[in-house]
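Colleague: The following comprises the amino acid sequence and a computationally predicted model.
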Amino acid sequence: MVRSYDESAVPAVYNFRDAPTYRDEPGITQTIFRGLDQMVGFTVIEPDKPDATPHTHPYEQVNMLIDGELDFLVGDERLSLEPDDVLAIPPEVEHTSRAVADDPATLLAFWPLREDRLDGTQYQSEFDT
């Protein structure tokens, strides 16, 4: 894993709303921030986002809903999230989500450091990647 960093540049503060968008697809935008061993995704899910096929990954994902209302399908269970609700999804469990109100939903997703998302953190000057 890429863990080297410029010690003179830490601590560093970034605002998600000013950081470059990593994912910009119909109905969903996402910005990513990384630390040495973990990542945070700041995701805005629009009410008109097309339903996504459930997916899995080999790590736990913890989600916290900041704004809006969101339905999560986790395994065979449908869960409704409201602001400040937190949900942990175990590794290898299928899941997907969708906004269910007229306004966008804002979600924070916490992951371990993901090599496949490092390119979304190139704006962070304290890291080599």
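Modeller: Received, thanks. Numbering: from 1, shown residues only.
Colleague: what bridges to the residue most central in space within the chain?
Modeller: The centre of the chain sits closest to Gly41, judged by C-alpha atoms, centre = their mean, with a distance of 2.7 Å. Following DSSP bridges, Gly41 is listed with bridge partners Ile32, Ala109.
Colleague: show me the residues around it that make contact.
Modeller: Residues counted as contacts of Gly41 (C-beta atoms under 8 Å, 6 or more residues apart in numbering) are 22, 30-32, 107-111, 117. The C-beta positions use only the backbone N, C-alpha and C, and glycine is treated the same way.
Colleague: mind running it again at 7 Å?
Modeller: Residues counted as contacts of Gly41 (C-beta atoms under 7 Å, 6 or more residues apart in numbering) are 30, 32, 109.
Colleague: where does the last one sit relative to Pro83, distance-wise?
Modeller: For Ala109, the distance to Pro83 equals 15 Å [C-beta to C-beta, to the nearest Å].
Colleague: now swap in the second one and tell me
Modeller: Ile32 sits 22 Å away from Pro83, taking C-beta to C-beta as the criterion.
Colleague: out of the two, which sits in the busier spot?
Modeller: More neighbours surround Ile32 than the other of Ile32 and Pro83, with 26 against 13 (other C-beta atoms under 10 Å).
Colleague: ok, the more buried one touching Leu118?
Modeller: No: the criterion here is C-beta atoms under 7 Å, and Ile32 misses it with Leu118 at 8.8 Å.
Colleague: what ranges do the strands span in the chain?
Modeller: 23-25, 28-34, 38-45, 61-67, 70-74, 77-81, 86-89, 95-99, 105-112 (DSSP state E).
Colleague: could those go into CSV alongside mean pLDDT and distance to His55?
Modeller: CSV is the format used below for these (pLDDT from 0 to 100; distance: least, C-beta to C-beta, whole Å):
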stretch, mean pLDDT, distance to His55
strand 23-25, 94, 14
strand 28-34, 96, 13
strand 38-45, 96, 14
strand 61-67, 97, 10
strand 70-74, 95, 11
strand 77-81, 96, 16
strand 86-89, 97, 11
strand 95-99, 94, 7
strand 105-112, 96, 13
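Colleague: Appreciated, that's everything.
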